[in-house]
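> here is my input, please return the structure:
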Amino acid sequence: MIEYLYGGMFIVSFVLVYFAVKQYESTIELINNGIKTSGKVIDLIEISDSDGSTYKPVFKFTDSTGTEIIFKSSVSSSPASYKIGDSVKIIYSKDNDERKIVSFWGLYRWTILCLSFAAPLMIIGGGYLLYSRG
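Down below sits the predicted model:
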């Protein structure tokens, strides 16, 4: 029975690595073919929960057609990572379907998270499977 648990951990790690690679390729595609511009932080949305308050920035930028785009960050933090009026670099796809803040975490967040969960699962699951075969 325990072999199934470790085997499952090993399989899940490969699924996470697959999604990490897909996210990385998507980010590289956006970097190579996206449009880079500058934006400004126009608001900080306070999100309160039982752990306290976090702040989610709202950005505004003008796309290549002259349309003003406003979007909320998908990440909140405490303390706030930006102040209202801060200038940020933004990259967006030509169809304006995908937008990201040009920063390490902004570009590679999902790749890092997937690999962070995959690595221990792969080490524990794979290590057990190798040990039990030997």
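> what does the pLDDT read for the residue nearest the centre of the chain?
For the chain, Arg109 is the residue whose C-alpha lies nearest the centre (C-alpha atoms, centre = their mean; 2.8 Å). Model confidence at Arg109, given as pLDDT, is 94.
> ok, now which ones touch the nearest residue to it once chain neighbours are set aside?
Leaving aside its sequence neighbours, Arg109 sits nearest to Val75 (C-beta to C-beta, 6 or more residues apart in numbering; 7.2 Å). In this view, the C-beta of every residue, glycine as well, is placed from N, C-alpha and C. By C-beta atoms under 8 Å, 6 or more residues apart in numbering, Val75 lies in contact with Lys56, Trp105, Gly106, Arg109.
> go again using 10 Å as the cut-off
Val75 sits next to Thr54, Lys56, Pro57, Ser81, Ile101, Trp105, Gly106, Arg109 when contact means C-beta atoms under 10 Å, 6 or more residues apart in numbering.
> restricted to helices, list those residues.
Judged by DSSP state H, helices contain the following of those: Trp105, Gly106, Arg109.
> is it fair to say Lys40 lies in a helix?
No - per DSSP: H, G, I helix; E, B strand; the rest coil, Lys40 lies outside any helix segment and is strand.
> Lys94: how many residues sit nearby?
Other residues near Lys94 number 12, with proximity taken as other C-beta atoms under 10 Å.
> please report how far it lies from Met1.
From Lys94 across to Met1, the span is 52 Å (C-beta to C-beta, to the nearest Å).
> repeat for Gly126
For Gly126, the distance to Met1 (C-beta to C-beta) stands at 18 Å.
> check Ser13 too.
20 Å.
> and the helix or strand containing Ile69, what's its mean pLDDT?
Here Ile69, judged by DSSP states H and E, is contained in strand 68-72. Averaging pLDDT along strand 68-72 yields 91.
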